[in-house]
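Q: structure for this input, please:
(4 chains)
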There are 2 protein chains.
Amino acid sequence: MEQMSRNLAFQLKKIRQQRHLSLDDVAKATGVSKAQLAQIEKGEANPTVSTIWKIAAGMRISFSSLLQPPTAHYMRFSSKDVPHVDEDEGRYRVYSIIPYNPERGWEFYKVEMEPGAVSRSEAHTEGVEETVMLIKGQAVISAGDMNELLDEGDTLVFSGHQPHEYRNTSEGLTIFHLILQYK
Amino acid sequence: MEQMSRNLAFQLKKIRQQRHLSLDDVAKATGVSKAQLAQIEKGEANPTVSTIWKIAAGMRISFSSLLQPPTAHYMRFSSKDVPHVDEDEGRYRVYSIIPYNPERGWEFYKVEMEPGAVSRSEAHTEGVEETVMLIKGQAVISAGDMNELLDEGDTLVFSGHQPHEYRNTSEGLTIFHLILQYK
DNA sequence: TACAGATGTCCGATAAAATAAACAACAGAA
DNA sequence: TTCTGTTGTTTATTTTATCGGACATCTGTA
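A: Model prediction:
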């Protein structure tokens, strides 16, 4: 969420400086007060859509150019404090490595399954694509008429639009990475 | 402005109904209050970016899909109350037919020039492209080393990144359409 | 130096966005 | 019918986005 404010702050300041405009100039061109513009450029604001509209219209730019994240940027997700959810009485553990982000459109999980653990998922609405990369152990993934056994190094891509099931068929811990791609 | 609210209203309601969710469901998934969601779906709200972020993230959709205007829609601009600006002592008249819109990225003008009228424009910042379609009369358009004479039916496209000039070289009124394309 | 203009920041007041809770309308089930 | 749960709407309250104006800082100029 304040991811957005940072992008906005960066892009607005960049465009304003590229055009050699002062805050007063932009305020005059957009109808947004100088104070508010200053707050936005410092990333300390949470503007309304009408404010963003005024800025985009006044500056003759698109929304996307205002909301785009700065290029050549990187982001690190620490292995500490990764939120996780348990199923099947703690024998199926899901770690959210990269949470969903509207700009990105996908999310990334690490999953650990104890021997014999099972997880069932309802059908996700419309176009969700699941990508499973098996790191350690063995798992069977079923959906409709699909029934695939994955060993270490195997990767499976399938549509999540129907109910599906993950099952650890090995004697030990099974670990895999999971990407959920939306829309 | 409230163009935005309408799009948002339409798209959110559409997605919610496609997925057979109630306002309570969406409220739980996004962390945005039911009351606010109801207002948004009715187009009576002016949400903040953080609210939109929460909705997009919770519903696993992108911003663009939330802000896109409904397809198969049309919009009429009446010839009445078209705002216009005068230059060169009223001998150069600019009518704003379609004002700039951040989703569209361009704007549309009708221009009327009395005989001998001249208009000079400063260089527009960065990537502005001008398209002139001459409807009636005759005009010379100059920019840098370009110097083009346009007759009825002629069209000229050029970059507006340097100072340029419009001049009516005919004996009568000259009329042309002008599209300004940004970015 | 003093001055004037321009720039970005800060502050109090106000309008409005967001929430939680109460409410009405409606459904299906006993 | 009555009851119970689910839906969307409305209301009251809190929170905050926005504005206008005051302020401090820094120019370049006389």
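Q: partners of the helix or strand of chain A with the lowest mean pLDDT, with directions?
A: For chain A, counting by mean pLDDT, DSSP states H and E, strand A:84-87 ranks last in confidence among helices and strands (a mean of 84). Within its sheet, and counting by DSSP bridges, strand A:84-87 is paired with strand A:92-98 (antiparallel).
Q: just how off-centre is the partner strand within its chain?
A: 14 Å (Cα atoms, centre = their mean, to the nearest Å).
Q: after it, which helix or strand is next?
A: Counting by DSSP states H and E, the element after strand A:92-98 in chain order, helix or strand, is strand A:106-113.
Q: quick one: contacts of the helix or strand following that next one?
A: As assigned by DSSP H and E, the chain's next helix or strand after strand A:106-113 is strand A:118-121. The contact list for strand A:118-121 (Cβ atoms under 8 Å, 6 or more residues apart in numbering or on different chains) reads A:87-88, A:92, A:113, A:160, A:163-168. Any C-beta I mention is one placed from the backbone N, CA and C, and that applies to glycine too.
Q: return the set of buried residues in the helix or strand hosting A:R6.
A: A:R6 is part of helix A:2-18, with elements assigned from DSSP H and E. Across helix A:2-18, burial judged by 16 or more other Cβ atoms under 10 Å in any protein chain shown covers A:3-5, A:7-12, A:15-16.
Q: stretch A:100-107 now?
A: Applying 16+ other Cβ under 10 Å to stretch A:100-107 flags A:100-103, A:106-107 as buried.
Q: ok, back up a step: roughly how far is the helix holding A:R6 from the heart of the chain?
A: 20 Å.
Q: next one: stretch A:132-139
A: 23 Å.
Q: and the spatially closest residue to A:S50 that is not a sequence neighbour, how far from DNA strand C?
A: Once flanking residues are discounted, A:S50 sits nearest to B:N46: 5.0 Å by Cβ to Cβ, 6 or more residues apart in numbering or on different chains. Distance of B:N46 to DNA strand C, given as Cβ to the nearest atom of the strand, to the nearest Å: 3 Å.
Q: I figured B:N46 hits A:P47, correct?
A: No: contact criterion Cβ atoms under 8 Å: B:N46 and A:P47 do not qualify, at 10.1 Å.
Q: okay, those two: which has more neighbours?
A: A:P47 (21 against 18; other Cβ atoms under 10 Å in any protein chain shown).
Q: contacts for stretch A:89-97 next, please.
A: Contacts for stretch A:89-97 (Cβ under 8 Å, 6+ apart): A:77, A:82-87, A:107-114, A:116-119, A:166.
Q: switch to 10 Å and redo it
A: Stretch A:89-97 is contacted from outside by A:77, A:79, A:82-87, A:107-119, A:166-168, A:173-175, A:177-179, using Cβ atoms under 10 Å, 6 or more residues apart in numbering or on different chains.
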